[in-house]
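[1] for reference, the sequence and a predicted model appear below.
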Amino acid sequence: MISDGHIERFSHGAGILYLFLVCVGDDKGVSYYGDQTLMKKLSMEPDTFENARSDLVRMGLLAWQKPFYQVLCLEPVIRRTGSPRGLGDILKKAMEG
């Protein structure tokens, strides 16, 4: 991430949000913190927060489906089926039990 120059493209807010989500995510990178809690914990104004989230989604580093966040790998991890495992797959599996 650093040697590839990705971090240089982050705004300050995007970097803080990404780092926080990496730290609190489960083993699949999914976080269950809601927007209000994230903004409070990160001391971010709503506009700054929304811009940070949008930047990370646009860069392919974050999947967001309210209220869930998933930090994504720079290079997708491939399942045995040969396809990336996305937030939709994880949420579907979680709902199935």
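    Arrived safely, thanks for sending.

[2] what score does residue 82 have for pLDDT?
    Residue 82 is assigned a predicted lDDT (pLDDT) of 51.

[3] so the residue nearest to residue 59 when sequence neighbours are not counted versus residue 58, what's the distance?
    In space, residue 59 comes closest to residue 9 once its chain neighbours are excluded; the distance is 6.7 Å by CB to CB, 6 or more residues apart in numbering. In this view, the C-beta of every residue, glycine as well, is placed from N, C-alpha and C. As judged by CB to CB, to the nearest Å, residue 9 and residue 58 stand 10 Å apart.

[4] equivalent analysis for residue 19, please.
    Computed as CB to CB, the residue 19 to residue 58 distance reads 18 Å.

[5] higher neighbour count, those two?
    Per other CB atoms under 10 Å, whichever of residue 19 and residue 58 has more neighbours is residue 19, with 13 against 10.

[6] buried stuff in the host helix or strand of the more buried one?
    If you go by DSSP states H and E, residue 19 is part of helix 12-24. Buried residues in helix 12-24, defined by neighbour count with 16 or more other CB atoms under 10 Å: 13, 14, 16, 17, 18, 20, 21, 24.

[7] cool, stretch 47-58 as well?
    48, 49, 51, 52, 53, 55, 56.

[8] tell me the mean pLDDT for stretch 31-50?
    For stretch 31-50, the mean pLDDT works out to 96.
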